[in-house]
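Asks: Could you look at this predicted model? Sequence included:
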Amino acid sequence: MYIDIILEVLMAFLRFFMNPLLYIAAFFAVYLGYRRVKRERRFFKIRILNGWSELTSFLKIRWIDSIVISIIILAVGLVIPSEFLLLLTAISILATIAFMYHLLSPIVTFAISFSVLAGMAYFDKTFTMLDFTFEGFSYENGAAITVTLIAGMLLILEARFIRIAGPKFASPIMEQTKRGRNAVTYLSKSIWVVPLFFIVPGEAISTYLPWWPQFTLGAGKFSFVLFPFVFGFQQMTKRTLPVYFYPKYSRSIFILAQLVLIGGLASYFMPLIGVITLISAAILRLLISLYYKIKERTDAYAVAPLSSGVIIAGVLPNSPAEKMGLVAGEVIRKVNGKEVFTESELYEALQVNAAHCRLEILNHQNEVRLAQHVVHSNDHYKIGLLLVN
């Protein structure tokens with residue numbers, strides 16, 4: 001029996017790498033990087049992160065998170081019907097291809113998949129897709145508990161992902177204000193994958209995929225499934241700097257995740273609570289995105305030309321500017337003792353001492369600090385700064 005289980009786990013990993021969702025999402029991660037680099041070069045003549053950064057982030061699977069949630073799923077006995085996983089795959093693929101990454105929140109994809117299958121069971125309907133027959137399931141058989149609890153746990157991971165990846169992939173976009181001046185908005189758009197283990201009991205898998213190996217525990221058959229849950233998000237900000245915006249955005253989702261988990265636990269006593277929680281949370285998740293989108297849609301810009309100095313729009317990785325601790329939104333007032341008010345004045349002042357630069361900076365708290373750095377011959381001649389003219 002133990003050998004069968006080990007073989008089943010190995011086959012689960014093999015099937016994980018055969019899931020088309022994994023490769024479609026990876027392809028679009030590459031495409032996102034290409035679009036971002038192209039956009040940054042159009043506005044600033046240079047890219048901030050290389051074009052493979054989104055793919056690298058996508059492939060950096062957080063195995064600790066995956067293992068912890070998988071252990072909880074297996075230990076508690078949370079079972080997801082195979083029809084749900086197949087429909088979830090299809091919905092995730094469609095949202096990825098359509099660039100509707102706000103729909104790639106786990107609570108949204110879970111709610112759509114659950115509603116479709118529960119509705120089919122209620123109206124006694126079936127449909128066939130790629131030789132798979134979907135018959136639906138009743139929310140009263142425990143599916144509402146399972147789906148809601150797993151969605152809540154994945155929402156916690158989504159909140160963490162946005163907090164980390166949001167500022168990292170916030171790409172500056174130059175646009176004009178109503179007064180015709182240049183200003184900067186930031187677009188963060190990314191996708192991520194989390195593999196989770198499930199046990200699918202009975203003959204469900206073998207019915208659809210007869211070549212799928214199964215192991216037997218007692219009188220029943222079970223199959224291991226390692227499923228790639230794909231996250232996605234897109235959000236633009238302009239009145240709030242990314243370093244402050246995305247953590248606040250993340251906290252809102254984390255609070256929602258806690259409410260979903262509470263609703264999932266309550267559905268153990270009344271399954272209908274799980275259904276209400278799942279659908280309501282999906283709507284709230286979309287409303288959170290809409291709320292922050294509207295909140296940022298103002299005439300105020302966090303990064304726009306100032307009379308007090310030159311404001312930083314972005315900093316290149318591993319550049320002298322990054323080593324000096326410069327960040328987007330800070331204002332450079334003096335360079336090598338000379339006041340600067342435009343980009344050209346800043347670079348002229350840098351040439352006063354080509355081997356060393358000393359900056360006076362106004363930080364986000366409107367406090368003045370000094371930064372200095374020895375400029376080496378292989379350093380970027382603009383010391384790695386993206387500025388607003």
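Replies: All right, it came through fine. Numbering: from 1, shown residues only.
Asks: alpha carbons only for contacts and neighbour counts from here, please
Replies: OK.
Asks: I'd say Ile173 and Val184 touch.
Replies: Yes. With contact defined as CA atoms under 8 Å, Ile173 and Val184 form a contacting pair (5.4 Å).
Asks: With neighbour numbers in mind, choose between the two.
Replies: Using other CA atoms under 10 Å, the more surrounded residue of Ile173 and Val184 is Val184, with 25 against 19.
Asks: Doesn't the more buried one belong to a strand?
Replies: Yes. The assignment for Val184, made by DSSP: H, G, I helix; E, B strand; the rest coil, places it in a strand.
Asks: Specify the beta-bridge partners of it.
Replies: Met174, Val303 (DSSP bridges).
Asks: How about the contacts made by it?
Replies: By CA atoms under 8 Å, 6 or more residues apart in numbering, the residues touching Val184 are 172-175, 238, 301-304, 313, 388.
Asks: Please type out the ChimeraX selection for whichever of those residues turn out to be buried.
Replies: To isolate the buried ones among those in ChimeraX, judged by 16 or more other CA atoms under 10 Å, type:
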select :172,173,174,238,301,302,303,304,313,388
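Asks: Export the contacts of Val184 to a markdown table and append columns for pLDDT.
Replies: Below are the contacts of Val184 laid out as a markdown table (pLDDT from 0 to 100):
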| residue | pLDDT |
| --- | --- |
| Pro172 | 94 |
| Ile173 | 93 |
| Met174 | 91 |
| Glu175 | 89 |
| Lys238 | 91 |
| Tyr301 | 91 |
| Ala302 | 90 |
| Val303 | 90 |
| Ala304 | 89 |
| Ala313 | 92 |
| Val388 | 84 |
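Asks: Any stretches of the stretch 1-150 of the chain with poor pLDDT?
Replies: Low-confidence segments of the stretch 1-150 of the chain (pLDDT under 70): 1-9, 12, 129-134.
Asks: how about the helices of it, start to end?
Replies: In the stretch 1-150 of the chain, the segments counted as helices under DSSP state H, counting those that start in this stretch are 2-16, 20-44, 53-59, 63-76, 82-97, 106-122, 143-168.
Asks: Which of these sits closest to Ala328?
Replies: The closest of the helices of the stretch 1-150 of the chain to Ala328 is helix 143-168. By CA to CA, the value is 10.5 Å.
Asks: now the angle from that closest one to helix 63-76?
Replies: Angle, helix 143-168 to helix 63-76, by axes from the mean of the first three to the mean of the last three CA atoms, to 10 degrees: 170 degrees.
Asks: these two touch, right, Lys238 and Ala300?
Replies: Yes. Counting by CA under 8 Å, Ala300 is a contact partner of Lys238 at 7.4 Å.
Asks: what's the host helix or strand of Ala371 packed up against?
Replies: In this structure, Ala371 sits in strand 368-374 according to DSSP states H and E. For strand 368-374, the packing partners by 3 or more CA pairs under 8 Å, 6 or more residues apart in numbering; DSSP states H and E come out as strand 356-362.
Asks: quick one, the strand it packs on and strand 368-374 angle?
Replies: Using the same axes, to 10 degrees: strand 356-362 against strand 368-374 is 160 degrees.
Asks: List the buried residues for strand 356-362?
Replies: Across strand 356-362, burial judged by 16+ other CA under 10 Å covers 357-362.
Asks: can you check stretch 268-288 too?
Replies: Neighbour-count burial for stretch 268-288 [16+ other CA under 10 Å]: 268, 271-279, 281-282, 284-285, 288.
Asks: Ser307 - how many residues pack around it?
Replies: Look at Ser307: counted by other CA under 10 Å, it has 10 neighbours.
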